[in-house]
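A.B. asks: whatever this is, show me its structure:
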Amino acid sequence: MPADPRAVLTRPAPEPDRTVAYGDHPDQVADLRHPAGAGPARPLVVVVHGGFWRAEYDRRHTGPLAAALASAGYPVAQLEYRRTGQPGGGWPGTMTDVLTGVAELPGLAAEALPGRVTRAAPILIGHSAGGHLALYVAATAPATVGGVLALAPVADLAEAYRQDLDAGAVSALLGGGPAQVPDRYAATDPRSLVPIQTRIVVMHGSADQQVPVTMSREFVAAARAAGSDISLVELPGCEHFGLIDPESPTWPQVLVMLRSLHDDH
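C.D. replies: Numbering: from 1, shown residues only. Coordinates of the predicted model:
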């Protein structure tokens, strides 16, 4: 693993094969990567990036992850969306962008990568705030999602607000706390949206300093109790960024979990 876990965020990656638009805004786009090798068409894997929903973090930091997935034979889309600090970002634009993008991308990718992508509901890989967004889409538009691999997700917005994760990130997303905008939390917080019908695997490192692993433990327990098909893979000693770093010791386990979701789909 690199000495600085954040090194993956700025590591160069090959350019995507295509960029497609699912809306008119410059950030309503996704970068597509062609799967390596020959083979039958497969469901798309949509990567939903994190960065606490903030404008300064975009899809480019998931380039190494997406390139590694394509090398492993998966057709990949790196989804972009409007974020807080941008016009139209936050409530409700960030959420509606991801809902629209996930629904539109299988068709767009099947046209852009002919013969390699099915139009089946995609598998979502969401990291951190992107994990929240992936869980939100699965909860509110389950027909558009074939499975979710949630990597260190912000799975409880009310608790993230209470803990002031990333200095007010949840308040910036939703426009206030649970007492000020309870309807927005009720509509977007995965913790209040269980049970979720889509199959979900949550992976979280025990050494995560950005999103506490206790959040995933409690979310998975509540979701399972409500009847969700969900499991938790806790990774001893792994921090927040190892989950999206193909050079980390954790990466082979991420691929195994993705394969289990993809093969079941």
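
A.B. asks: what's the burial count for the closest residue to A207 other than its chain neighbours?
C.D. replies: Residue nearest to A207 in three dimensions, not counting chain neighbours: E239, with 4.7 Å by CB to CB, 6 or more residues apart in numbering. In short, each C-beta sits where N, CA and C put it, glycine included. By other CB atoms under 10 Å, 20 other residues sit near E239.

A.B. asks: cool, and G205?
C.D. replies: For G205, using other CB under 10 Å, the count is 26.

A.B. asks: now do the same for the closest residue to it other than its chain neighbours: its pLDDT.
C.D. replies: Setting aside the residues directly before and after it, G205 is nearest to C238 in space (CB to CB, 6+ apart), at 2.9 Å. With respect to pLDDT, C238 scores 97.

A.B. asks: show me what the mean pLDDT comes to for the longest helix seen in the chain.
C.D. replies: If each helix of the chain is counted by residues according to DSSP state H, the longest one is helix 93-112. Helix 93-112 carries an average pLDDT of 98.

A.B. asks: got the phi/psi numbers for S231?
C.D. replies: phi -140, psi 160 (degrees, to the nearest 10).

A.B. asks: quick check: closest non-adjacent residue to it.
C.D. replies: V201 (5.5 Å).

A.B. asks: secondary structure class for that neighbour?
C.D. replies: The three-state label given to V201 by DSSP: H, G, I helix; E, B strand; the rest coil is strand.

A.B. asks: and for the one 3 residues further on?
C.D. replies: Counting by three-state DSSP, the backbone at H204 sits in strand.

A.B. asks: so it touches L235, yeah?
C.D. replies: Yes - H204 is in contact with L235 according to CB atoms under 8 Å; the separation is 6.9 Å.

A.B. asks: spit out the residues that contact these two alike.
C.D. replies: L243 (CB atoms under 8 Å, 6 or more residues apart in numbering).

A.B. asks: circling back: number of nearby residues for the residue nearest to G205?
C.D. replies: Neighbours of C238 using other CB under 10 Å come to 24.

A.B. asks: element containing it?
C.D. replies: Using DSSP states H and E, C238 is not contained in any helix or strand.

A.B. asks: was I right to think it contacts I244?
C.D. replies: No - C238 sits out of contact with I244 when judged by CB under 8 Å, with a separation of 11.1 Å.

A.B. asks: which stretches of the stretch 1-150 of the chain aren't confidently modelled?
C.D. replies: By pLDDT under 70, the weakly predicted segments of the stretch 1-150 of the chain are 1-3.

A.B. asks: what about the helices in it?
C.D. replies: For the stretch 1-150 of the chain, the helices defined by DSSP state H, counting those that start in this stretch cover 63-71, 93-112, 129-140.
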